[in-house]
Structure formats: C-alpha cells, structure tokens
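J.: Sequence first, predicted model second:
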Number of protein chains: 2
Amino acid sequence: MRATFMYEAGDVRVQDAPDPVIEQSTDAVVRVLRSCVCGSDLHPYHTLTAADGPVPMGHEFLGTIEETGSDVSGLRRGDLVVAPFAFADNTCEFCREGLHTSCPNGGFFAAGVGGAQAEAVRVPQARGTLVKLPTDVDPELLPSLLTLADVYGTGYHAAHQARVRPGDSVTVIGDGAVGLLAVLSAKQLGAERIILMGRHKDRTDLGRFFGATDVIAERGEEGIAKVRELTGGHGTRAVLEAVGHMPAYEMAVGAVRPGGVISRVGVPQYEDAPVGFRSLFGPNVTLTGGPAPVRAYLEGLLPAVLDGTVDPGRVFDRTLPLEDTAEGYRAMDRREALKVLITP
Amino acid sequence: MRATFMYEAGDVRVQDAPDPVIEQSTDAVVRVLRSCVCGSDLHPYHTLTAADGPVPMGHEFLGTIEETGSDVSGLRRGDLVVAPFAFADNTCEFCREGLHTSCPNGGFFAAGVGGAQAEAVRVPQARGTLVKLPTDVDPELLPSLLTLADVYGTGYHAAHQARVRPGDSVTVIGDGAVGLLAVLSAKQLGAERIILMGRHKDRTDLGRFFGATDVIAERGEEGIAKVRELTGGHGTRAVLEAVGHMPAYEMAVGAVRPGGVISRVGVPQYEDAPVGFRSLFGPNVTLTGGPAPVRAYLEGLLPAVLDGTVDPGRVFDRTLPLEDTAEGYRAMDRREALKVLITP
C-alpha cells in the first residue's frame, strides 16, 4: 500500500509500505476512507531528527473494516468505522471511568502500530476502539465524522474538564481546529459568553460561526487586558487552552477569573510553569486537562453530527489526495490551510 | 492592651499596644477569648527580616463583641463570635460563590489590621466576617470551635476542592493540624481509604483517630512507592497537599491516580512546578486548591462541632497564656507541640 512517513523535520514522503495485517487476535485492519493532518503532526515537522525517522504518520481516520482478528466481535468486513486517536480496550477500570488515554492496553497510532495517513491501518484493541457509523451515511458528513477522531473530541474535552455550564463565561486560546471546536463545544454546553483569542480572521470568523461572541487578536498582556475589559475586570470562569506553548499558558493565567478553571488540551511544550501564590494558588484557580479520551465522548457527540445540528467538519479548508500529503503539511505549517483532509 | 509582635525571625514579643478602636463603620472590636499559633506563622518565624518587623501576629480567634460600628447589624456587645482568618463582606459576587478569599472588600488579619494573638482585635467587615456562636456554649468546645477559624476549614477546603466523595481513595500529605483535619474532612465526605503521609507518631495516631486507614512515614520516591503499593499500583484519586514545599508537591504528583486531583492548601513556597506531559498533563491530573474561603464552610461545619460529632480541637496539644506566646512559637517550631492554644 501507499503510506506517509516523516524522515525528519520538513521531510514528509508518501511511499510503498507493507499492507497491514492482523498481528493480534484483537486487531482489525481498516481501509482508510478519510484521514487528515493534525496540528500536533507539526511538532515533529519542526523538530524530528533524521536519527529518529522515518516514522509513520497520521492518527485520525475513518474507513471500512477489511479484516478482523478472531477475538473481535461486533465488527464485520465492510462496516464503516471511526477511531479515536488513542486505541483502548474500553473495558478496564480507566476506560470505564472515561479515561481511555490511561488504558493499560491502549496506546497511540503511528510509532509501532502504523499511521493513518495511508491506504490502510492496523487497529489494536479494535472492539474497544472502533465505533460503527451508519454504512449509508451521506458522504457530505464524512469530514464532520472524521473530526470525532480527535479535534472535536479534544475541543470537547477542554470544555468538559472545565465543567462549562449554561450561562458560563469562557475564553478559548488558539484558533486552530481544536480551539475552534472548543468554541463549538462550549456553546453546546451552554456557555453564554465565549471569547476567542486568535488572529487569523478566516479562522476567527469560523469561530464566530461556531459560537464565539467576542474575538481578541491581541496577545500577551494586551490580550489579557482585553479579556478583563470584556468581563468587568475579572476574566472568564473557564479558559480553554488549545495551543500548548508557554505564552498561551501565561495568557490563560491572566485571563481566568478567581475561582475559575484553566483547561489545557494543547500538548504542553514545557514541563515547569507558574503555579504558586501569584498565579494559581492565591486566586484558587484550578488547572486541568490532558490528552483527550476521545473514545469516551464519541458516541455522545455522534448524533448531533449525523443529524447536522453541528458541522465541525468546517475546520477542513483543503482536501488533498494521499499522494500529496506532504503538500498538506506544508500548507498547514505556512498557515495557508487550517486543517487538511486526505482522501485515498 | 497586650498583643504579640514579631520583630524578626525567631523574635516574638508580647507587649503593650493601643487598644483597637472602630475605624470604619463596618468594623467591630472583639475581645479575644481564645487564639492560637498557626503553622503558617512559622514561615515569618524563619524568614522575617528586622527591616520588615515588627508585625502584629495571629489570625485565628474567637471572642466576644465589645463594640460595633454604626453599619454593623445583627451583632451586639457580648455576642460570642468566631472569625475566619480572612475577613470579607459576604455579599459580593465572589463571596456569594463561596470564594471569600477573593472578596474585593476583604483581606487578612495582622498587617494593617492588627493580630489576634492579643487581648482584643479590630474586625473589618464585621457583619460579613463574624459568625455568632451560642453564648452558653460549653467551654470544653472552645478549642474545636476555634479550629473553624482556619485549620479545620482549610483541611475541609482541600477535601472539598478535590470533590472527595463516598468510597473515595485519598492521600493526605502532611501531619500538621491542617493535614490531620484534611483527614477528618475526607472522612466526613465519605472517603473509604485515607492514607496519611507523616512521620510524627503522636500526630499520625491522631490522624488515625480522625479517620486515616493507613499511615506512611516514608518520603519522596519511597513514600510514593508505598502509596502505589497500597493502591494496586495507581495511586489515590485525590491527594490533599497540606505542606507547601516542593518535595510535598512532587510526592503529590507521584501519589495521584491518572484522572485524579491534587488539592493544595499548604501555601506554596515555590512559584514554578512541573505541570507538563510527564507530570500532570499526560495522566489528565487536575491541580486545584488555594487559600481556604473558610467563611464559606463555617456554618456548615458548625453543627457537628457543637453536637460533638467531630472533635477537631484535639489538634491543640498545648495551652499557654498570652504572655507566653513566644514559647508557643518555639514549641511548634521544635515540633514539641502540634498546635498551641492561647488564652487571655
């Protein structure tokens, strides 16, 4: 088959690779119908060394079951399925609590498993991981259904962990796909005021479509001042941080109301951060978030996608064939594209 | 009157001071019946410079109303009252949400107001701050009622912010008065397993009396290993951190279960701490806590103290007259006393 590998920073290639096969009785092989490039794929695109490459790329996909291992019940060849970006058994104590990202039998696609920016992918723990979709689904819905694999569930995790509730005030930091879908999620959970911090007008316009009531283009102290100006001086009860860099963390600390919550889903590109009396402790601010257990939200978010109530697939603003995946990375890295959909 | 001042680290003096008077119409003057020395008073006892002294000391007290300002309704001369360590108007938006420590009209005793290790103290925002007690209360209950001013409410805040619930597993780090009352609070909220980390046997024995099911004397990696051993390898869902030093934070990170909560009430003696993928983010751990809005809990905790269901006053293991307050500091600093009660 054809599959995408990153050799080192900036060097993405689509090449021949062995067809995936069932390795364990709990595996399935899925033929990929739609995959995409993630904002988090840009981290290795900036930093991967040749010594660490080549690595298979892609962790968001939907497709049809091609083959199942002997212990995979409930799934058949031809079923249309979507997978969360982390596979999991969906039966352990952590999965039962909705924390699939801590499943002891779970893991991530790509390294050691295979990537989804490919014609087919092996799915470990297939029974727990894959969620069946209606086989006759309108192809127009495929982009929105694909967001359930990661960016929609991740944006939702941010809002869910912050316990966003009706009437709430929320700041969303970051106008990438996750930030925009955090806006959509906050709106779904009833937030009344949603301030989106971002400075790409086409993106923040989409944020307004998803429910943002205010947009702030300024950053740093200036951005914090704007949030405070809009909120009677105190900031918003929830801040959803969908970037992962230290300046975004600092903005979150500045924009959150005393007693409020900072919920992070941008993968932190730092280990230490201010949490003492002057930042979190003094004003009783809660810090939460982490890798989204997308599987836990998938079935709950699905109906509104299927009936068209929400349209998270609007985050895809470019579609490329698998052979041109490298161009997708380039376009996202240059901010020419918000999120790139990959077709076979 | 006589009142306690700290001149510099290690130098505590009881001396003559002007009697407190009503300065604002919302003030009251309270004659102190019981006050005490706080673990947090030991921070300046170690670090205060002569240039920053002398400062009036003490923020925990109960006593009788001596005089009230013209805007203080509902309180009369002779009423027995207890005060939370932070005064507040109890009417602003933050107070209404139970976050009295962020009240814009609030503040702390001592600097600028006067200390409670004295014969009398001025109480700003008296109507919002002071809580009336039955005038005929059994004097035996005064120590327990005094803990409502700080250490009990602070321990309770730790458990409350961690959302401790029936059947829960909890680790409490620190066997000072706050840690021990965090044990009591976790027990009250229904925790099934309460692991107390501390190494002073008389204190951890009191912790067992309050509800600890396990005691771990080890610290650092060894202490973490013990917690994990007791909890099937994963740690406890909640960790209540009642120390404030970095090693306690690191133990909390090591002892918390994925998806769990670290709730801090020990005043952090650091500003930056690990919060990235390897510490909090990867396992979706929540960090919460801060200065306890004791006023928010006071009326809820009061009935069980009055009817003797709980006996938080057991944390006082020494009583000294006001004139000997300096000896109270010395005894607590040397760990000869857990918490020192001061009588007039």
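T.: Received the coordinates, thanks. Residues are numbered from 1 along each chain as shown, chains lettered A, B, ... in the order given.
J.: How far does the lowest-mean-pLDDT helix or strand in chain A sit from its chain's centre?
T.: Least confident element among the helices and strands of chain A, by mean pLDDT, DSSP states H and E: strand A:107-108 (a mean of 90). Distance of strand A:107-108 from its chain centroid, counting by CA atoms, centre = their mean, to the nearest Å, is 14 Å.
J.: Any part of that strand near chain B?
T.: No: judged by CB under 8 Å from any CB of the partner chain, strand A:107-108 stays clear of chain B, getting no closer than 11.5 Å. Just so you know, the C-beta spots here come from the backbone N, C-alpha and C atoms, and that holds for glycine as well.
J.: pretty sure A:Ala331 contacts A:Ala337?
T.: Yes: applying CB atoms under 8 Å, one finds A:Ala331 in contact with A:Ala337, separated by 3.9 Å.
J.: now stretch A:103-112: how far from the chain's centre is it?
T.: 16 Å.
J.: Let me see the residues that make contact with whatever helix or strand A:Glu250 lives in.
T.: Taking DSSP states H and E as the definition, A:Glu250 sits inside helix A:246-255. With contacts defined as CB atoms under 8 Å, 6 or more residues apart in numbering or on different chains, helix A:246-255 is touched by A:171, A:173-174, A:195, A:197, A:219-221, A:223-224, A:227-228, A:235-236, A:239, A:241, A:262, A:264, A:266, A:268-270, A:273-274, A:279-280, A:285.
J.: Narrow those to those in strands?
T.: The strands, defined by DSSP state E, take in A:171, A:173, A:195, A:197, A:236, A:239, A:241, A:262, A:264, A:273-274 from those.
J.: Now the phi/psi pair for A:Asp150, please.
T.: phi -160, psi -70 (degrees, to the nearest 10).
J.: got the CA positions of stretch A:309-321 in CSV?
T.: Only the C-alpha atoms of stretch A:309-321 are listed here, as CSV (Å, rounded to 0.1, in the frame of the first residue of the first chain):
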residue,chain,number,x,y,z
THR,A,309,-27.1,20.0,14.3
VAL,A,310,-23.3,20.7,14.3
ASP,A,311,-20.9,20.9,11.5
PRO,A,312,-17.4,20.5,13.0
GLY,A,313,-16.1,19.4,9.5
ARG,A,314,-15.9,23.0,8.6
VAL,A,315,-12.5,23.1,10.1
PHE,A,316,-11.3,21.3,6.9
ASP,A,317,-10.5,24.0,4.4
ARG,A,318,-8.4,22.0,2.0
THR,A,319,-8.6,18.4,0.6
LEU,A,320,-5.7,16.6,-1.0
PRO,A,321,-5.2,13.1,-2.3
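J.: Buried residues of that stretch, list them for me.
T.: Neighbour-count burial for stretch A:309-321 flags A:310-318, A:320 (criterion: 16 or more other CB atoms under 10 Å in any protein chain shown).
J.: For chain A, what lies in contact range of chain B?
T.: A:94, A:97, A:99, A:101-102, A:161, A:258-259, A:264, A:267-268, A:270-291, A:293.
J.: Show the buried residues in those residues.
T.: For the residues of chain A next to chain B, buried by 16+ other CB under 10 Å: A:94, A:99, A:101-102, A:161, A:258-259, A:264, A:267-268, A:273-277, A:279-291, A:293.
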